[in-house]
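Student: pasting the structure only:
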């Protein structure tokens, strides 16, 4: 089974940009949907965004729409989360996931990374 590894997290100031990467250990199948979720301390896991692996179709949570963008690099079996204009409320552990459904529901994603911490200071 493909394993996912996130990287790129860190501590940044509000208003900054950061790009997270999610690398797969093997080939991501063409019909896959890739997604990002996040979980802040004491809160439920929250949907951030998703994108079809082979087409630009995407969907984003209301709190990040217009600021975050998911992109893919098929030859590298890697996808990214570009985060702009970061806010303190974006502080969370960000996890990438792969599934087969175009869905915001975390239960529809079978393969997950361990997560990377993003902290935004005010």
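Tutor: Received, thanks. Note that this is a predicted model, so its numbers are computed, not measured. Residues are numbered from 1 along each chain as shown.
Student: For residue 122, see how far away the residue nearest to the spatial centre of the chain is.
Tutor: In the chain, the centroid-proximal residue (Cα atoms, centre = their mean) is residue 36; its distance is 2.5 Å. Going from residue 36 to residue 122 by Cβ to Cβ, to the nearest Å gives 23 Å. For the C-beta atoms, the positions are set from N, CA and C on the backbone; glycine is no exception.
Student: and what of residue 91?
Tutor: Counting by Cβ to Cβ - residue 91 and residue 122 are separated by 10 Å.
Student: how about the strands of this structure, start to end?
Tutor: 4-7, 10-13, 18-24, 33-39, 46-52, 58-60, 68-73, 78-83, 92-99, 109-112, 116-121 (DSSP state E).
Student: contacting residues around the second one?
Tutor: It stands for strand 10-13. Strand 10-13 is contacted by residues 18, 86, 117, 118, 119, 120, 121 when judged by Cβ atoms under 8 Å, 6 or more residues apart in numbering.
Student: go on, the fifth one?
Tutor: Counting by Cβ under 8 Å, 6+ apart, the neighbours of strand 46-52 from elsewhere in the structure are 32-40, 57-61, 63-64, 68-72, 79, 81, 92, 94, 102-106.
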